[in-house]
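Asker: Sequence below, structure please.
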Amino acid sequence: MIIKHQLFKQCEAFVDKRLQTVEEVISSNQKALQSETKSSAGDKHETGRAMLQLEMEKAGQQLSGISQMKQVLAKIDISKTSKIAHLGSVIQTNFANYFLSISVGKLKVSDNDYFAISVSSPIGKLLLGKHENDEVLFNGKTIKILKID
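Answerer: I've put the predicted structure just below:
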């Protein structure tokens, strides 16, 4: 349970950091757009504005992704335990340890590595709904589920 709590906190911190970064990019681009408006150097001015608009659109898409991650995290009840893999499960296998949540990548808790993965990722889809001692075939490897918390 402590491991699950720490993994969840690390996922929240990951999302918060991404949100902060994207908000800084948007703020910076808004300031740059305002200063671009003040100058009028013809074609160069238009190119600069177009590039900033593209950056703003990209940042907007990233904000949407961050919002989706927050929604997934909000659905996780870390106090819930089950022997069936579900959103929020910590799954130990003979290959690696997984936290079914959002795609963050490798996290470390008590000198052990865990991979925070989305339930819509290829390995996440395979693990979802499985039980302890079940096996799944992933990338040509047989992965045995040892424990689910």
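Asker: Would you point out which residue is most central in this structure?
Answerer: By Cα atoms, centre = their mean, the chain has its centre lying nearest to residue 103, at 3.6 Å.
Asker: Now do the contacts for the closest residue to it other than its chain neighbours.
Answerer: Among residues not flanking residue 103 along the chain, residue 118 sits closest, at 4.4 Å (Cβ to Cβ, 6 or more residues apart in numbering). For every residue, glycine as well, the C-beta is placed using N, CA and C. Listed by Cβ atoms under 8 Å, 6 or more residues apart in numbering, the contact set of residue 118 reads 72, 100, 101, 102, 103, 124.
Asker: Can you flag which of those belong to strands?
Answerer: Those of the contacts of residue 118 mapping onto strands are 100, 101, per DSSP state E.
Asker: Got the confidence number for the residue nearest to the centre of the chain?
Answerer: Note on residue 103: pLDDT of 96.
Asker: Hmm, it is touching residue 116, no?
Answerer: Yes: counting by Cβ atoms under 8 Å, residue 103 does reach residue 116; the two are 6.9 Å apart.
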